[in-house]
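**Q** what follows is a predicted structure for the sequence shown.
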Amino acid sequence: MKKDPTNLLAYLKQIPFSNLEGYFKNAEVSVELLGGLLDVLTLEAEQVWVGNFLVSLAKAQNFDMTLMFAEDKEKSLIKEIVGKLPTEFAGKVKQMYST
């Protein structure tokens with residue numbers, strides 16, 4: 001899956017948002033994981049799903065620390081994704097992912 005973004009995206013779409021939040025409630029999202037997820041999310045056309053995924057992911061333990069260590073590539077991907085999101089998600093995701 002790591003080498004096939006389409007399959008990875010299909011796998012991610014199978015995970016309920018509540019499970020995603022539960023998994024990362026007591027675990028941190030590494031910058032490497034965040035970058036990989038952002039790469040894949042740029043491929044998804046269903047922007048409401050992307051918005052919900054990002055909101056759920058941002059509830060991870062110490063997510064603000066992850067963002068502090070994010071590099072220009074991750075920050076650029078966040079801006080790209082936020083620019084595509086519907087209005088109801090764009091402001092919220094932008095606020096949750098601001099560094």
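**A** Looks like it arrived, so ask away.

**Q** touching, V40 and P5? I think so.
**A** Yes: assessed by C-beta atoms under 8 Å, V40 is found in contact with P5 at 5.0 Å. For the C-beta atoms, the positions are set from N, CA and C on the backbone; glycine is no exception.

**Q** so between the two, which is more surrounded?
**A** V40 (19 against 16; other C-beta atoms under 10 Å).

**Q** what about the more buried one, distance to L12?
**A** 7 Å (C-beta to C-beta, to the nearest Å).

**Q** need the contact list for K84.
**A** 47, 50 (C-beta atoms under 8 Å, 6 or more residues apart in numbering).

**Q** one more pass at 7 Å, please.
**A** The neighbours of K84, taking C-beta atoms under 7 Å, 6 or more residues apart in numbering as the test, are Q47.

**Q** what number of residues lie near E28?
**A** Neighbours of E28 (other C-beta under 10 Å): 14.

**Q** chain neighbours aside, what residue packs nearest to it?
**A** Leaving aside its chain neighbours, E28 sits nearest to N62 (5.0 Å; criterion: C-beta to C-beta, 6 or more residues apart in numbering).
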